[in-house]
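# pasted the sequence and its predicted model underneath.
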Amino acid sequence: MELASATSADATWPSWVLVVAAVLVPGLLLAGPALRSRYPGAWWLLCGFPAVAFRVVQTWRPLMAGCGLAVSRRPALTVVSGLVGKGAPPPQPRVPRRGLIRPTSGGFVLLVRLLPGQVPEHFVKAAPAMAESWQVHAVRVTSWKPGVVRIVASAVDPLADPQVPKQRGPGHLLRVTVGALETGAAWVVDLRSVPHWLIVGATRSGKSTLINALVAGLAPQSVALVGIDCKGGMELSLYEPRLSALATNREQAVRLLTALVDLTLDRMSLCRAARVRNIWGLPDKERPVPVVVIVDEIAELFLVASRNEKNEAHAAGTALIRLAQLGAALGVFLVVAGQRVGSDLGPGVTALRAQLGGRVCHRVADPGTAEMALGDLNPDALKAAQAIAPEQAGTAVLASGDGWERARSHLITEADAEAVAAEYAHLTPVLSELHVEP
C-alpha cells in the first residue's frame, strides 16, 4: 500500500518538480528579506502574493458566513437531505462566487458575483473584516457592474512613501504624474480628461506641494501657465520665469481674467470659422497654445470689505465661471486652490464649484470646506477626507464624476519647482493679450 501511494505520488509530481521546489522554497525563505528590501515588486509576486492568495482561498467561505454574506439553502432541501442521507450534515450555505485573484503592483484584485438580494453596500461594510482576515493593509470595495463588485486589496500602505519616477521630456500634453493612489497606481492629473480642478487644504496639508508637482510636470510641455495669487504673489511668484502672466492682487486678477475670457472668445471664433468643435480639431500649425490658469487662495478673490471690492469680486467670479464653462473645448484649463472654500464667500463660489469636475481635498480646518469640495459628488469621499490626520501631509481624497480614491502627492519642494520653472523658462509662450500692468 505504501509503495502504491509512493508510485502514485511520483506519477503525479515529476521528480524534477520536487527537486526544483526543494531548492526554490528554502532559497526564497533565505533571500526573502533582501529581495523585499531591494526589489519589493518581485518579492510581492514571488512570495507575498501567493501567501495572501492562499489565505483568501482558505478563508473565503467562513469569512462570507461570518460577515453575513452567505445564504442558507432552502429549508425543504435541508429536510430532504437529512432523510436521504440518513443523518448526513445539511448542505452548506451558498456563498458569493469569487473570480480569479489577479496580482497588482502592491496587492490584488478580484471580482465577486453577488447572490440574489445582496447589494454592494453589504460588501463595503465587510471590507475591514476582509483586510483583517487576509492580513493586508486595506480593502476597497466598489461596484463593478450590476450584480458584481470589485475588491481591491493593498498589501502595504502605498501612500507611506510614494515614489514617482522622474519625468523624461515633455511627456503627454496636459498630463502630469503627481503622486500615487491608494491602489499603488500612479496618480495622474489629465487635464484633457478632467479639464478643471478644485484643490483645498489647510496650511501644511500638502496643497502647495501638489501645485508644485503640477507646475513641475507642466513646465516642460508646450503650454502657457498663468498665475493668479492675490496674496501679493507670495506663492506663485516662485514660478514667474515660466508664467506667461501673473496677477498679484484682485484688481490685476480682474483684468487678467477678463483678458482670458476675450482670448477664449477669439478661439471660439477661430473654431467656428474652421468648422470644428474645439481647438483639437484644428491643424497643428493653427492650433493655439493651451493655457493652464492656476488660482491660489480663491477666497482672496471673493472676500469683500467695500462696495468697490464687491464689484471686483463679482467680476472675478463671473469671469472664472465663464472660463470654466467655455474653456475645456478652447484650450483654457482651471486649477483653483484654497485653504477655505465655502458658500459664505458668495453664490459665485458655489456656481464655480459646480463647473470644476475634478476635486482634491487634503486635510481641512473646517467641515464646510470638505463639504463644498466633495459633498455633492460622494458622501463616502467626504467621510474619508474628514478622517485625514495632521501627520498625513500630502494625503488627499480625489473625486470626480467616476468615483473617488485616496492619494498622496510626491514631495516636490518649492526649491525644486522653482528650479524647474527656471530651467524651462525658454518655453514660456508670449501672450501679449494677457499682459497685466502692475
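Done, it's in.
# can you list the domains in the chain?
Following automatic domain parsing, the chain resolves into domains at 38-69+92-156, 175-434.
# any chance of those domains in a markdown table, with mean pLDDT too?
Formatted as a markdown table, the domains of the chain follow (pLDDT from 0 to 100):
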| stretch | mean pLDDT |
| --- | --- |
| domain 38-69+92-156 | 89 |
| domain 175-434 | 89 |
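# mean neighbour count for the ones you listed - can I get that in JSON lines?
The C-beta positions use only the backbone N, C-alpha and C, and glycine is treated the same way. Converted to JSON lines, those look like this (neighbours: other CB atoms under 10 Å):
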{"stretch": "domain 38-69+92-156", "mean neighbour count": "16"}
{"stretch": "domain 175-434", "mean neighbour count": "19"}
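# excluding sequence neighbours, find me the nearest residue to residue 219.
Spatial nearest neighbour of residue 219, chain neighbours left out: residue 424 (4.3 Å); criterion: CB to CB, 6 or more residues apart in numbering.
# same question, residue 127
residue 139 (4.4 Å).
# was I right to think residue 70 contacts residue 97?
No: judged on CB atoms under 8 Å, residue 70 makes no contact with residue 97 at a distance of 11.9 Å.
# ranges for the strands of the stretch 201-350 of the chain?
224-229, 243-247, 291-296, 332-338 (DSSP state E, counting those that start in this stretch).
# which one of the ones you listed lies nearest to residue 278?
strand 332-338 (11.2 Å; CB to CB).
# any chance of CSV for the strands of the stretch 201-350 of the chain, columns distance to residue 278?
What follows is the strands of the stretch 201-350 of the chain, written out as CSV (distance: least, CB to CB, whole Å):
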stretch, distance to residue 278
strand 224-229, 17
strand 243-247, 21
strand 291-296, 14
strand 332-338, 11
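# look up how far residue 50 lies from the nearest residue to residue 253 once chain neighbours are set aside.
In space, and not counting its chain neighbours, residue 253 is closest to residue 247: 4.2 Å by CB to CB, 6+ apart. Counting by CB to CB, to the nearest Å, the separation of residue 247 from residue 50 is 57 Å.
# the strand or helix carrying residue 54: how far from the chain's middle?
Element membership of residue 54, judged by DSSP states H and E, is helix 49-66. When distances are taken as CA atoms, centre = their mean, to the nearest Å, helix 49-66 is centred 28 Å away from the chain's centroid.
# in the stretch 1-150 of the chain, which spans are helices?
2-12, 15-38, 40-43, 49-66, 75-84, 120-134 (DSSP state H, counting those that start in this stretch).
# so what's residue 65 up against?
Residue 65 sits next to 93, 95 when contact means CB atoms under 8 Å, 6 or more residues apart in numbering.
# check contacts around residue 373.
198, 200, 341, 353, 359, 360, 361, 364, 385.
# and residue 93, by the same measure?
Counted by CB under 8 Å, 6+ apart, residue 93 has contacts 65, 70, 71, 72, 73.
# right, and the third one touches residue 122 too?
No: in this structure, residue 71 is not within contact of residue 122 by CB under 8 Å, at 11.3 Å.
# sec struct for residue 392, please.
Following DSSP: H, G, I helix; E, B strand; the rest coil, the label given to residue 392 is coil.
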